[in-house]
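>>> Here's my sequence, what's the structure:
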Amino acid sequence: MHMDTLRFFAVDLGATSGRTILGTLSKGKMEMKEVTRFANPIIETGGHCYWDIYALYLEIVQGLKKVAQEGITIHSIGIDTWGVDFVFVGKDGALLRNPYCYRDPHTVGAPEAYFTRIPRERVYALTGIQVMNFNSLFQLFTLRQNCCSALEAADQVLFMPDALSYMLTGKRVTEYTIASTSQLLNPRTKVLEQELLDEVGLTRGNFAPLVYPGTEVGRLTPEVQKLTGLGAVPVIAVAGHDTASAVAAVPARNERFAYLSSGTWSLMGIEVKEAIINDESFEKNFTNEGGIEGTTRFLKNICGMWLLEQCRREWAAAGHNYSYDELIAAAEAAPAFRSLINPDSPCFANPPSMIEAIRSYCRATGQPEPQEYGELTRCIFESLPLRYRQVFGYLQKMAPFAIERLHVIGGGSRNNLLNQNTCNAVGVPVSAGPSEGTAIGNILLQAKAAGAVTDITAMRAIIADSVELAEFTPRDQEVWAEAYTRYLSIYREDL
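Numbers count the residues shown, from 1 in each chain. So this is what the prediction gives:
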């Protein structure tokens, strides 16, 4: 192995599947290779939804074993996961029960119940986090109300990536970016807010010490070394929240950018030094989550390709397995701006039929109902960019700098039609890529911990040199401006 070549092992866990990836950094360039891929199913039993943390641990061990069998030397290991979920640890150090999944219905109505103790405005003022019933704060509150035996016996609470690091190293930390998704962390003081913890019967002592991305958690235990065939490899607390890792991988040349993490869900936001918590951000339900190097990701969740994925499922059930290429070609052939929807309307959250939900919205707003698959796809590929424009406008008003470019990352960055439409709608240049942002961010934060890169600027320069980006410039501005006016006229939040 060349002296300036370093290899890192990234564990990237999503809410439906996970994978392990080998990242190689050599001469200022980075390459990635998938080692293993596996399912992460939700387990429903006894009226609750769980994650199987032992199965996830086993998958990580399998990936490490494979690397060891191939004779590959890895410098470190990093784990990122989805946000909000957590594991209880007992006084003897054992995990108490598999963790609940954020989709568990037990938190329906929980925020409203919590706000009878501490008002919504106060909770937002302390955390700057948008209110969603599955936030850790409301999960813990519900478990306390329900006299959960695991919570009552718990010594500490570990968020998902930190719990898996603990299983590998025997060492406990609370990584900053994953903790920021909980609605327990104050982004200004950067500590867990005791006032909120009081209402769930916990103290800061019930959480491991807070650390920032790039901190070494510990080294593989003798047990894990024996299981995998590896030595005492360090485990690094990367940006444990997958979106924080993805945003770390935005190949921006300066700070004057917005990002759109585009997948099943879209997240649009900016990276700022100080949290933005004011009446407007509260009213528009923007969130302030932890980023790397002490930054805050000021963003909003937007519905994404969920709309099309649900339609595709229905078409497939009827025997039509349309590829993305077929859908895009059919969309381009369909009439422009015939039917528009608000993608974030509650009626699209989880309807029995997405196709019918779209047609019903169009009926209710006096528009033609899209019939063919091309018309439905076009409706989605025009409505999403118009919603992006709306949120982009909010960002422009609240950002402490002029936004000069939009970076699209994640799986959606490969969709050129959607990217061009987004560019036309927002009216600034769009750079699309990388599609594997989360894994790249994970790997480069390990590289930073190893001293191979100095800071975020150096990380982003490596990404820009290692990844092919697609560039888009705005077209048809007048046409899209007219379409946006029409979109605002049919925009409804109550359907």
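>>> hmm, which helix or strand of the protein has the shakiest average pLDDT?
helix 456-466 (a mean of 87; mean pLDDT, DSSP states H and E).
>>> Report all helices and strands that that one contacts.
With contacts taken as 3 or more C-beta pairs under 8 Å, 6 or more residues apart in numbering; DSSP states H and E, helix 456-466 sits against strand 29-39, helix 437-449. (Each C-beta comes from the backbone N, C-alpha and C, glycine too.)
>>> okay if I get these as TSV plus mean pLDDT, mean neighbour count and distance to Gln69?
Shown next, in TSV, are the helices and strands packed on helix 456-466 (pLDDT from 0 to 100; neighbours: other C-beta atoms under 10 Å; distance: least, C-beta to C-beta, whole Å):
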stretch	mean pLDDT	mean neighbour count	distance to Gln69
strand 29-39	95	15	11
helix 437-449	95	29	21
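>>> so can I have CSV of those showing distance to Arg103?
Output for the helices and strands packed on helix 456-466, formatted as CSV (distance: least, C-beta to C-beta, whole Å):
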stretch, distance to Arg103
strand 29-39, 16
helix 437-449, 20
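>>> Can you say which of those is nearest to Val211?
Evaluated over those, closeness to Val211 peaks at helix 437-449, with 11.1 Å, by C-beta to C-beta.
>>> Can you show me the CA trace of that closest one as CSV?
The C-alpha trace of helix 437-449 is given here as CSV (Å, rounded to 0.1, in the frame of the first residue of the first chain):
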residue,chain,number,x,y,z
GLY,A,437,-23.1,12.1,-0.6
THR,A,438,-23.8,10.5,2.8
ALA,A,439,-21.1,7.8,2.3
ILE,A,440,-18.6,10.4,1.0
GLY,A,441,-19.2,12.7,4.0
ASN,A,442,-18.7,9.8,6.3
ILE,A,443,-15.4,8.8,4.7
LEU,A,444,-14.0,12.3,4.5
LEU,A,445,-14.8,13.0,8.2
GLN,A,446,-12.8,9.9,9.0
ALA,A,447,-10.0,11.3,6.8
LYS,A,448,-10.2,14.5,8.7
ALA,A,449,-9.9,12.6,12.0
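>>> so how far is it off the chain centroid?
A distance of 15 Å separates the centroid of the chain from that of helix 437-449, by C-alpha atoms, centre = their mean, to the nearest Å.
>>> now that helix and strand 29-39, what's the angle there?
Relative orientation of helix 437-449 and strand 29-39, computed by axes from the mean of the first three to the mean of the last three C-alpha atoms, to 10 degrees: 130 degrees.
>>> now for the helices and strands packed on helix 456-466, which one comes closest to Glu309?
strand 29-39 (16.9 Å).
>>> helices and strands around that closest one, which ones?
strand 17-26, helix 53-69, helix 437-449, helix 456-466.
>>> hang on, the earlier thing: closest to Ala208 out of the helices and strands packed on helix 456-466?
helix 437-449 (18.2 Å).
>>> Show me which positions of the helix or strand containing Phe381 end up buried.
For Phe381, the host element (DSSP states H and E) is helix 373-398. Neighbour counts using 16 or more other C-beta atoms under 10 Å place 373-392, 394-395, 398 of helix 373-398 among the buried residues.
>>> I'd like the mean pLDDT over that helix, please.
Taken as a whole, helix 373-398 has a mean pLDDT of 98.
>>> thinking again about what came up before, okay, the angle between the least confident helix or strand of the chain and strand 29-39?
Using the same axes, to 10 degrees: helix 456-466 against strand 29-39 is 90 degrees.
>>> Tell me which residues of helix 456-466 come out buried.
For helix 456-466, by 16+ other C-beta under 10 Å, it's Ile456, Met459, Arg460, Ile462, Ile463, Ala464, Ser466.
>>> Just put those residues in JSON lines and tack on distance to Glu283.
As requested, the buried residues of helix 456-466 are exported to JSON lines (distance: C-beta to C-beta, whole Å):
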{"residue": "Ile456", "distance to Glu283": "31"}
{"residue": "Met459", "distance to Glu283": "34"}
{"residue": "Arg460", "distance to Glu283": "32"}
{"residue": "Ile462", "distance to Glu283": "39"}
{"residue": "Ile463", "distance to Glu283": "35"}
{"residue": "Ala464", "distance to Glu283": "36"}
{"residue": "Ser466", "distance to Glu283": "40"}
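>>> ok, those vs Gly437, which is closest?
Distances from Gly437 to these, taken by C-beta to C-beta, are shortest for Ile463, at 8.6 Å.
>>> List the contacts of that closest one.
Counting by C-beta atoms under 8 Å, 6 or more residues apart in numbering, Ile463 makes contact with Met30, Ala249, Val250, Pro251, Pro434, Ile440, Leu444.
>>> tell me the two of the residues you listed that are most distant?
Met30 and Val250 (14.7 Å).
>>> Residue ranges in the protein under the pLDDT threshold?
The chain contains residues with pLDDT under 70 at 1-3.
>>> Alright, calling it a day.
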